[in-house]
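1. predicted model, plus sequence, below.
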Amino acid sequence: DDVSNNGARIPEIMTEVRVFDTAAGTLPTFLFSKTYPGYALDTRRVKNHLILVFADYLWVQDGRFESYGTGFASASSSGRSPYSPWIYSYREGGRPSDRPLKLDGADKIRGVGCTTILKSAAPDFDFRMTRVVSMNTKEAASADQSTAVLGGGDQIYMSERGIYLSKSDVSWYGWDETPRQSEPLLLTRIAFDGDSGAIAPVAYGVVQGRVKDQWAFKEFEGHDVLSVATSTGYLWGQGENVAQNHRYVLKTNLDTHTLDVAAKIENFGTGEDIRAIRYVDSMAYVVTFKKTDPLFAFNLADPLHPVLESELKIPGFSVYMHPVNDQKMIGVGFDAADQGDFAWFQ
(Lines give C-alpha, C1' and ligand atoms only; values in the text may rest on other atoms or scores of the structure.)
Protein backbone atom coordinates (compact mmCIF):
# COMPACT_ATOMS: atom_id res chain seq x y z
CA ASP A 1 0.00 0.00 0.00
CA ASP A 2 1.00 3.61 -0.55
CA VAL A 3 0.93 6.02 2.35
CA SER A 4 1.19 9.79 2.31
CA ASN A 5 4.23 11.56 3.71
CA ASN A 6 3.43 15.28 3.50
CA GLY A 7 1.86 14.77 0.09
CA ALA A 8 4.48 12.36 -1.25
CA ARG A 9 3.46 8.79 -2.04
CA ILE A 10 5.69 6.30 -0.26
CA PRO A 11 5.35 2.55 -0.81
CA GLU A 12 4.41 0.92 2.49
CA ILE A 13 6.09 -2.48 2.54
CA MET A 14 4.76 -4.89 5.15
CA THR A 15 5.96 -8.38 6.10
CA GLU A 16 3.61 -11.03 7.46
CA VAL A 17 4.96 -13.82 9.67
CA ARG A 18 2.81 -16.93 10.01
CA VAL A 19 3.35 -19.59 12.68
CA PHE A 20 2.29 -23.21 12.16
CA ASP A 21 2.25 -26.27 14.39
CA THR A 22 4.26 -28.96 12.59
CA ALA A 23 3.67 -32.00 14.81
CA ALA A 24 5.00 -35.24 13.32
CA GLY A 25 2.50 -37.30 11.33
CA THR A 26 -0.01 -34.49 10.79
CA LEU A 27 -0.49 -31.66 8.32
CA PRO A 28 0.80 -28.27 9.55
CA THR A 29 -1.83 -26.34 11.50
CA PHE A 30 -1.97 -22.54 11.37
CA LEU A 31 -1.62 -20.98 14.82
CA PHE A 32 -1.30 -17.20 14.42
CA SER A 33 0.29 -14.45 12.36
CA LYS A 34 1.87 -11.04 12.97
CA THR A 35 2.56 -8.19 10.57
CA TYR A 36 5.56 -5.85 10.65
CA PRO A 37 6.52 -2.74 8.64
CA GLY A 38 9.48 -3.12 6.31
CA TYR A 39 10.84 -5.95 4.19
CA ALA A 40 12.47 -9.03 5.64
CA LEU A 41 16.27 -9.28 5.44
CA ASP A 42 16.87 -12.50 7.37
CA THR A 43 15.63 -14.74 10.17
CA ARG A 44 16.98 -17.14 12.78
CA ARG A 45 15.20 -19.44 15.24
CA VAL A 46 16.54 -20.26 18.70
CA LYS A 47 14.37 -22.46 20.93
CA ASN A 48 10.91 -20.82 21.01
CA HIS A 49 12.09 -17.49 19.67
CA LEU A 50 12.20 -16.25 16.10
CA ILE A 51 14.71 -13.49 15.40
CA LEU A 52 13.47 -11.29 12.55
CA VAL A 53 15.54 -8.62 10.82
CA PHE A 54 13.72 -6.01 8.72
CA ALA A 55 14.81 -3.06 6.62
CA ASP A 56 12.51 -0.06 6.72
CA TYR A 57 12.52 3.44 5.28
CA LEU A 58 12.38 6.32 7.72
CA TRP A 59 9.62 8.92 7.39
CA VAL A 60 10.40 12.61 7.57
CA GLN A 61 8.41 15.07 9.66
CA ASP A 62 7.13 18.26 7.96
CA GLY A 63 8.76 17.63 4.61
CA ARG A 64 11.08 15.48 2.58
CA PHE A 65 14.85 15.38 2.40
CA GLU A 66 15.46 17.57 -0.62
CA SER A 67 19.22 17.22 -0.86
CA TYR A 68 21.65 14.33 -0.52
CA GLY A 69 25.10 15.69 0.09
CA THR A 70 24.87 18.89 -1.98
CA GLY A 71 25.12 21.15 1.04
CA PHE A 72 28.19 21.32 3.26
CA ALA A 73 28.66 23.41 6.37
CA SER A 74 31.49 25.88 6.05
CA ALA A 75 34.32 26.13 8.53
CA SER A 76 33.38 29.72 9.35
CA SER A 77 29.77 28.89 10.15
CA SER A 78 30.29 25.66 12.05
CA GLY A 79 33.84 25.84 13.40
CA ARG A 80 34.39 22.33 12.01
CA SER A 81 36.01 20.87 8.92
CA PRO A 82 35.00 22.73 5.73
CA TYR A 83 33.86 19.35 4.37
CA SER A 84 31.69 18.39 7.32
CA PRO A 85 28.57 16.82 5.74
CA TRP A 86 25.08 17.88 6.70
CA ILE A 87 21.60 17.14 5.43
CA TYR A 88 18.60 19.40 5.57
CA SER A 89 14.88 18.99 5.04
CA TYR A 90 12.34 21.69 4.23
CA ARG A 91 9.23 23.04 5.86
CA GLU A 92 7.04 25.65 4.29
CA GLY A 93 9.14 28.66 3.41
CA GLY A 94 12.33 26.65 3.02
CA ARG A 95 13.29 26.69 6.70
CA PRO A 96 15.20 23.60 7.89
CA SER A 97 13.11 21.19 9.93
CA ASP A 98 14.16 20.92 13.58
CA ARG A 99 12.55 17.50 13.99
CA PRO A 100 13.05 15.58 10.74
CA LEU A 101 11.97 12.07 11.81
CA LYS A 102 8.27 11.36 12.05
CA LEU A 103 7.27 9.92 15.43
CA ASP A 104 4.59 7.31 16.06
CA GLY A 105 3.16 8.96 19.15
CA ALA A 106 5.58 10.56 21.59
CA ASP A 107 8.32 7.99 21.92
CA LYS A 108 8.44 5.67 18.88
CA ILE A 109 9.68 5.70 15.31
CA ARG A 110 8.01 3.13 13.06
CA GLY A 111 6.89 1.23 16.13
CA VAL A 112 10.31 1.04 17.79
CA GLY A 113 11.00 2.91 21.02
CA CYS A 114 13.38 5.82 20.53
CA THR A 115 15.56 4.74 23.45
CA THR A 116 16.26 1.41 21.73
CA ILE A 117 17.33 2.90 18.37
CA LEU A 118 21.07 3.17 17.78
CA LYS A 119 22.84 5.75 15.66
CA SER A 120 25.12 4.63 12.86
CA ALA A 121 28.79 4.17 13.75
CA ALA A 122 29.71 6.37 10.76
CA PRO A 123 28.35 9.50 9.01
CA ASP A 124 26.36 7.43 6.55
CA PHE A 125 23.79 8.98 4.19
CA ASP A 126 21.33 6.10 4.48
CA PHE A 127 17.73 6.90 5.40
CA ARG A 128 16.75 3.39 6.34
CA MET A 129 16.39 1.66 9.68
CA THR A 130 17.37 -1.94 10.35
CA ARG A 131 14.92 -3.40 12.86
CA VAL A 132 15.58 -6.55 14.94
CA VAL A 133 12.55 -8.28 16.51
CA SER A 134 12.46 -11.22 18.91
CA MET A 135 9.10 -13.02 18.58
CA ASN A 136 7.84 -15.83 20.84
CA THR A 137 6.51 -18.55 18.54
CA LYS A 138 4.69 -20.39 21.35
CA GLU A 139 2.66 -17.50 22.76
CA ALA A 140 0.72 -15.38 20.29
CA ALA A 141 -0.15 -12.80 22.94
CA SER A 142 3.43 -12.40 24.09
CA ALA A 143 4.83 -8.92 23.42
CA ASP A 144 7.66 -8.72 20.92
CA GLN A 145 11.02 -7.30 21.93
CA SER A 146 12.72 -5.02 19.43
CA THR A 147 15.65 -2.72 18.76
CA ALA A 148 16.90 -0.93 15.66
CA VAL A 149 19.96 0.61 14.03
CA LEU A 150 19.80 3.69 11.82
CA GLY A 151 20.98 2.87 8.31
CA GLY A 152 20.63 -0.25 6.20
CA GLY A 153 21.93 -3.75 6.80
CA ASP A 154 23.58 -6.35 4.57
CA GLN A 155 24.36 -9.45 6.59
CA ILE A 156 23.33 -11.05 9.87
CA TYR A 157 25.50 -13.44 11.85
CA MET A 158 24.08 -15.06 14.96
CA SER A 159 25.83 -17.01 17.69
CA GLU A 160 24.25 -18.60 20.75
CA ARG A 161 24.72 -15.35 22.67
CA GLY A 162 24.26 -12.58 20.19
CA ILE A 163 23.24 -11.12 16.86
CA TYR A 164 25.71 -9.23 14.70
CA LEU A 165 24.52 -6.83 11.98
CA SER A 166 26.96 -5.78 9.28
CA LYS A 167 26.72 -3.07 6.67
CA SER A 168 29.12 -2.27 3.85
CA ASP A 169 28.82 0.20 0.96
CA VAL A 170 28.71 3.10 3.39
CA SER A 171 28.07 6.46 1.71
CA TRP A 172 30.76 8.94 2.78
CA TYR A 173 30.18 12.42 1.40
CA GLY A 174 33.02 14.19 3.13
CA TRP A 175 35.36 14.26 6.06
CA ASP A 176 34.49 14.94 9.67
CA GLU A 177 36.55 14.69 12.86
CA THR A 178 36.72 10.94 12.22
CA PRO A 179 39.43 9.98 9.68
CA ARG A 180 38.04 8.87 6.33
CA GLN A 181 38.13 5.14 5.63
CA SER A 182 38.03 3.67 2.14
CA GLU A 183 35.64 0.74 2.63
CA PRO A 184 34.25 0.79 6.17
CA LEU A 185 32.26 -2.20 7.37
CA LEU A 186 29.90 -1.26 10.20
CA LEU A 187 29.24 -3.93 12.85
CA THR A 188 26.64 -3.88 15.62
CA ARG A 189 26.44 -6.52 18.34
CA ILE A 190 23.05 -7.19 19.95
CA ALA A 191 22.95 -9.49 22.99
CA PHE A 192 20.38 -12.30 22.95
CA ASP A 193 18.97 -14.50 25.72
CA GLY A 194 17.77 -17.82 24.33
CA ASP A 195 15.47 -18.51 27.28
CA SER A 196 13.63 -15.20 27.57
CA GLY A 197 14.17 -13.97 24.02
CA ALA A 198 15.46 -10.65 25.36
CA ILE A 199 17.60 -8.58 23.01
CA ALA A 200 19.72 -5.54 23.87
CA PRO A 201 22.37 -3.52 21.98
CA VAL A 202 25.85 -4.12 23.36
CA ALA A 203 28.52 -2.58 21.13
CA TYR A 204 29.43 -1.34 17.66
CA GLY A 205 32.64 -1.23 15.65
CA VAL A 206 34.16 -0.44 12.26
CA VAL A 207 36.70 -2.43 10.22
CA GLN A 208 37.82 -2.24 6.61
CA GLY A 209 36.27 -4.23 3.78
CA ARG A 210 33.19 -6.18 2.76
CA VAL A 211 32.15 -9.70 3.74
CA LYS A 212 31.14 -12.47 1.35
CA ASP A 213 28.42 -13.91 3.60
CA GLN A 214 27.62 -14.87 7.20
CA TRP A 215 30.32 -17.56 7.14
CA ALA A 216 32.93 -14.79 7.29
CA PHE A 217 32.18 -14.47 11.02
CA LYS A 218 32.81 -16.55 14.10
CA GLU A 219 32.33 -15.66 17.76
CA PHE A 220 34.64 -17.14 20.40
CA GLU A 221 32.51 -17.25 23.53
CA GLY A 222 35.14 -17.71 26.20
CA HIS A 223 37.06 -14.68 24.97
CA ASP A 224 34.09 -12.43 24.08
CA VAL A 225 35.73 -12.07 20.67
CA LEU A 226 34.47 -11.91 17.07
CA SER A 227 36.63 -12.92 14.10
CA VAL A 228 35.77 -11.67 10.60
CA ALA A 229 37.40 -12.01 7.16
CA THR A 230 36.96 -9.14 4.66
CA SER A 231 38.04 -8.03 1.18
CA THR A 232 38.90 -4.54 -0.07
CA GLY A 233 39.72 -3.11 -3.49
CA TYR A 234 38.90 -4.88 -6.74
CA LEU A 235 40.51 -7.54 -8.91
CA TRP A 236 41.99 -5.29 -11.59
CA GLY A 237 42.68 -2.38 -9.27
CA GLN A 238 46.07 -0.73 -9.06
CA GLY A 239 47.91 0.95 -6.19
CA GLU A 240 45.58 1.65 -3.26
CA ASN A 241 42.68 0.00 -5.14
CA VAL A 242 44.35 -3.39 -5.58
CA ALA A 243 42.33 -6.28 -4.14
CA GLN A 244 43.40 -7.24 -0.63
CA ASN A 245 42.03 -9.52 2.09
CA HIS A 246 42.10 -9.14 5.83
CA ARG A 247 41.28 -10.95 9.05
CA TYR A 248 40.19 -8.88 12.04
CA VAL A 249 39.67 -9.96 15.64
CA LEU A 250 37.36 -7.69 17.63
CA LYS A 251 36.88 -7.74 21.38
CA THR A 252 33.80 -6.27 23.05
CA ASN A 253 34.56 -3.36 25.38
CA LEU A 254 31.57 -3.05 27.70
CA ASP A 255 32.87 0.22 29.19
CA THR A 256 32.86 2.07 25.85
CA HIS A 257 30.26 -0.14 24.12
CA THR A 258 32.62 -0.67 21.21
CA LEU A 259 33.99 -3.61 19.25
CA ASP A 260 37.71 -2.85 19.40
CA VAL A 261 40.20 -4.36 16.96
CA ALA A 262 42.37 -6.55 19.18
CA ALA A 263 44.38 -8.22 16.40
CA LYS A 264 44.55 -8.24 12.62
CA ILE A 265 46.25 -9.92 9.69
CA GLU A 266 46.01 -7.62 6.67
CA ASN A 267 46.83 -7.78 2.96
CA PHE A 268 46.91 -11.50 2.20
CA GLY A 269 45.88 -12.88 -1.20
CA THR A 270 46.91 -9.62 -2.92
CA GLY A 271 45.12 -9.13 -6.25
CA GLU A 272 42.39 -11.62 -5.35
CA ASP A 273 39.16 -11.62 -3.35
CA ILE A 274 37.48 -14.08 -0.99
CA ARG A 275 35.36 -16.86 -2.52
CA ALA A 276 34.84 -19.24 0.43
CA ILE A 277 35.39 -19.33 4.20
CA ARG A 278 35.13 -22.21 6.67
CA TYR A 279 35.81 -22.43 10.40
CA VAL A 280 36.76 -25.87 11.71
CA ASP A 281 37.41 -26.03 15.44
CA SER A 282 40.28 -23.60 16.08
CA MET A 283 41.21 -23.26 12.39
CA ALA A 284 39.86 -20.87 9.76
CA TYR A 285 40.25 -21.58 6.03
CA VAL A 286 39.89 -18.86 3.40
CA VAL A 287 39.81 -19.31 -0.39
CA THR A 288 40.69 -16.36 -2.63
CA PHE A 289 40.77 -16.25 -6.43
CA LYS A 290 41.80 -14.33 -9.51
CA LYS A 291 43.99 -16.83 -11.38
CA THR A 292 44.56 -19.76 -9.00
CA ASP A 293 42.96 -20.85 -5.74
CA PRO A 294 45.06 -19.97 -2.70
CA LEU A 295 43.70 -21.77 0.35
CA PHE A 296 44.89 -19.94 3.47
CA ALA A 297 44.95 -21.67 6.85
CA PHE A 298 44.69 -19.53 10.01
CA ASN A 299 45.27 -20.87 13.50
CA LEU A 300 42.82 -19.27 15.94
CA ALA A 301 43.58 -21.44 18.97
CA ASP A 302 44.37 -18.14 20.71
CA PRO A 303 41.77 -15.87 19.07
CA LEU A 304 43.55 -12.71 20.20
CA HIS A 305 46.74 -13.82 18.44
CA PRO A 306 45.75 -15.30 15.04
CA VAL A 307 48.49 -16.96 12.99
CA LEU A 308 48.57 -17.45 9.22
CA GLU A 309 50.11 -20.92 9.16
CA SER A 310 50.21 -21.94 5.50
CA GLU A 311 48.67 -21.68 2.04
CA LEU A 312 48.07 -23.94 -0.94
CA LYS A 313 47.61 -22.93 -4.60
CA ILE A 314 45.59 -25.07 -7.02
CA PRO A 315 43.71 -24.30 -10.28
CA GLY A 316 40.18 -22.92 -9.98
CA PHE A 317 38.53 -22.05 -6.69
CA SER A 318 36.12 -23.46 -4.12
CA VAL A 319 32.87 -21.76 -3.17
CA TYR A 320 32.17 -24.24 -0.37
CA MET A 321 34.44 -26.31 1.87
CA HIS A 322 33.40 -29.24 4.04
CA PRO A 323 35.59 -31.06 6.58
CA VAL A 324 35.68 -34.85 6.18
CA ASN A 325 38.01 -35.75 9.06
CA ASP A 326 41.05 -34.35 10.87
CA GLN A 327 43.17 -34.64 7.73
CA LYS A 328 40.86 -33.87 4.81
CA MET A 329 38.47 -31.26 3.48
CA ILE A 330 36.37 -31.33 0.30
CA GLY A 331 36.16 -28.18 -1.79
CA VAL A 332 33.28 -27.66 -4.23
CA GLY A 333 33.66 -24.98 -6.88
CA PHE A 334 34.95 -24.20 -10.37
CA ASP A 335 37.86 -25.19 -12.55
CA ALA A 336 39.66 -22.34 -14.33
CA ALA A 337 41.51 -21.83 -17.62
CA ASP A 338 44.75 -19.87 -17.24
CA GLN A 339 44.82 -16.72 -19.43
CA GLY A 340 48.10 -15.27 -18.22
CA ASP A 341 47.23 -12.38 -15.90
CA PHE A 342 43.85 -13.89 -15.04
CA ALA A 343 41.79 -17.07 -15.49
CA TRP A 344 38.36 -17.83 -16.92
CA PHE A 345 36.47 -20.07 -14.51
CA GLN A 346 34.55 -22.92 -16.13
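-> Cool, got the structure. Residues are numbered from 1 along each chain as shown.

2. just to check, residue 21 is in contact with residue 32?
-> No. In this structure residue 21 lies outside contact range of residue 32 using CB atoms under 8 Å: 10.3 Å. For the C-beta atoms, the positions are set from N, CA and C on the backbone; glycine is no exception.

3. can you list the weak-confidence ranges in the stretch 1-150 of the chain?
-> Low-confidence segments of the stretch 1-150 of the chain (pLDDT under 70): 1-11, 59-101, 123-125.

4. any chance you could map the strands in it?
-> 2-5, 8-11, 14-21, 29-37, 39-46, 49-57, 72-73, 84-85, 108-109, 112-113, 117-118, 128-136, 145-150 (DSSP state E, counting those that start in this stretch).

5. so for residue 240, which of the ones you listed sits nearest?
-> Of all those, it is strand 84-85 that lies closest to residue 240, at 22.3 Å by CB to CB.

6. how near is residue 113 to residue 151?
-> 18 Å (CB to CB, to the nearest Å).

7. swap in residue 143?
-> 26 Å.

8. show me which of these two is the more surrounded one.
-> residue 151 (25 against 8; other CB atoms under 10 Å).

9. helix, strand or coil: sort out residue 185 for me.
-> At residue 185 the chain is in strand, as set by DSSP: H, G, I helix; E, B strand; the rest coil.

10. er, residue 166 actually
-> strand.

11. pretty sure it sits against residue 154.
-> Yes. Residue 166 is in contact with residue 154 according to CB under 8 Å; the separation is 5.7 Å.

12. who has more neighbours out of those two?
-> Comparing residue 166 with residue 154 by other CB under 10 Å, the one with more neighbours is residue 166, at 21 against 18.

13. beta-bridge partners for that one, please?
-> residue 155, residue 187 (DSSP bridges).

14. OK, contacts around it?
-> By CB atoms under 8 Å, 6 or more residues apart in numbering, residue 166 lies in contact with 153, 154, 155, 156, 157, 185, 186, 187, 188, 211, 217.

15. number of nearby residues for the nearest residue to residue 167 once chain neighbours are set aside?
-> Residue nearest to residue 167 in three dimensions, not counting chain neighbours: residue 186, with 4.5 Å by CB to CB, 6 or more residues apart in numbering. If you count neighbours by other CB under 10 Å, residue 186 ends up with 23.

16. pLDDT value on the most centrally placed residue in the chain, please?
-> With distances taken as CA atoms, centre = their mean, residue 166 lies nearest the centre of the chain, 1.3 Å away. For residue 166, the pLDDT comes out at 93.

17. distance of it relative to residue 240?
-> From residue 166 across to residue 240, the span is 23 Å (CB to CB).

18. with adjacent residues omitted, what lies nearest to residue 233?
-> residue 243 (4.3 Å).

19. do residue 230 as well
-> residue 209 (2.7 Å).

20. still on that earlier bit, OK, contacts around the residue nearest to residue 167?
-> Per CB under 8 Å, 6+ apart, neighbours of residue 186: 120, 121, 122, 124, 151, 166, 167, 168, 170, 204, 205, 206.

21. which of those residues lies closest to residue 42?
-> residue 166 (11.2 Å).
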